[in-house]
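**Student:** got a predicted structure plus its sequence, pasted below:
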Amino acid sequence: MVQPMSKTIARPALLAGLGVGLALTFAAAGPAAAQTTPSQPVPATPLPWETRVQGMPQSFERGGTGGYYLWHDDNGFHLWTTDPEGIDSHYTGTLTTDGTFTNIALEHPENDDHFSSDGAGTLTFDLHTASGIDGIDFEVQGGTRLDLSLLRDGNQTSPDKIFLGEDSVHPNRNPFAVVRRANQGGGGGGGGNGNSWDRRIQGMPQSFEAGGHGGYYFWIDGQGFHLWTTDPENIDSHYTGTLTTDGSFDAVSLEKPEGDDSVSGQGGGTLSFDLHTHSGIDGINFSVDGATTVTLDLWRDGHRVSVDNIFLGEDSVHPAHNPMEVHQR
């Protein structure tokens, strides 16, 4: 089994005499040399990719169970394929991200394997795999999510033929998404006092995928609060609601906005939204300032939505009531 090659950067040794020379130069320059160059802002460290895709699948071996194997490690993402002896499959698919694909390379390339990238957030591939190994390796610069639509012999691949991370877990459906997540118990984003909000809303719901179970998905991470919606294919729901807080709403934005989506209330204590959602994703993102409570009153198609269709935090728990409240701990 071939592991992706690690990358190393050579660092030239420093010359001892250089430090001495610089010291003499600054001493001779006098007070003017005491001026310092303003420090440059340090770029924010992106959140890590979700745990389920970390590490090469232990079940993967050349000529083993046929399908896709996706994982992330220090060298980036790897999407590899294999098939049992005597089976030749045609693997095709499309990957998209709100960041940029970089360092794209084929794994064990042959003449009938290729990929195409728009130089930004779309990557397609075409692989012919027998009992060997094919695949693509890549990195995602910036961005918060990676969406994958994976086909085999012209049909959408069954999730039980897609293996994620070291434990070879299967996604709930295909297409599916991989997202960056705040570390458990990690930093704020919800207000000036940091992230000490209810544990039940921490982290993006693992059950959330575009076109998945219809309803509201609500969580907080290092970037703030998120209230997103989706619906299964061929269902068009109208999501409306009101959020209130004893502080003020800040950094309010729409997620994947379309012409019929709206939100209002930036800077005040009441936030109202109106979203038309199909099998894609709609939603709002926001933070709160000086708050201890956020109350949510959530509606779908003119009725208060059932709590069974509201999913909170990484574990997708349901609230006891709608309207519902979340609090600083």
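**Tutor:** Yes, it's here. Worth saying up front: this structure is predicted, and the values here are computed from it rather than measured.
**Student:** any idea how far His108 is from Asp74?
**Tutor:** Remark: distance between His108 and Asp74 (Cβ to Cβ, to the nearest Å) = 21 Å. (C-beta placed from N, C-alpha, C; glycine too.)
**Student:** look up phi and psi at Ile310.
**Tutor:** phi -120, psi 130 (degrees, to the nearest 10).
**Student:** could you report the neighbour count for the residue nearest to it when sequence neighbours are not counted?
**Tutor:** Spatial nearest neighbour of Ile310, excluding adjacent residues (Cβ to Cβ, 6 or more residues apart in numbering): Tyr216 at 4.8 Å. Using other Cβ atoms under 10 Å, Tyr216 has 26 other residues around it.
**Student:** which strand or helix spans Tyr216?
**Tutor:** strand 215-221 (DSSP states H and E).
**Student:** and that strand, how far out from the chain middle?
**Tutor:** Strand 215-221 has its average C-alpha position 14 Å from the chain's average C-alpha position, going by Cα atoms, centre = their mean, to the nearest Å.
**Student:** residues in contact with that strand?
**Tutor:** Defining contact as Cβ atoms under 8 Å, 6 or more residues apart in numbering, one finds that strand 215-221 is touched by 47, 181-182, 186, 189-190, 195, 197, 201-205, 207-208, 225-230, 239, 283, 296, 298, 300, 305, 308-314, 316.
**Student:** one more: stretch 198-209?
**Tutor:** With contact meaning Cβ under 8 Å, 6+ apart, stretch 198-209 is reached by 50, 52, 171-173, 175-177, 179, 181-182, 184-185, 195, 213, 217-221, 226, 228, 230, 311-317, 326-327, 329.
**Student:** which parts of the protein are helices?
**Tutor:** 16-29 (DSSP state H).
**Student:** low pLDDT regions in it?
**Tutor:** 1-45, 181-195 (pLDDT under 70).
**Student:** and the contacts of strand 215-221, which are buried?
**Tutor:** Among the contacts of strand 215-221, those buried by neighbour count (16 or more other Cβ atoms under 10 Å) are 47, 181-182, 186, 189-190, 195, 197, 201-205, 208, 225-230, 239, 283, 296, 298, 300, 305, 309-314, 316.
**Student:** just give the closest residue to Gly143, not the sequence neighbours.
**Tutor:** Gly99 (2.1 Å).
**Student:** repeat that for Val179.
**Tutor:** Val179 sits nearest to Arg145 (Cβ to Cβ, 6+ apart), 4.6 Å away.
**Student:** count of neighbours near the one you found?
**Tutor:** 18.
**Student:** now swap in the one 5 residues further on and tell me
**Tutor:** The number of residues packed near Leu150 is 25, by other Cβ under 10 Å.
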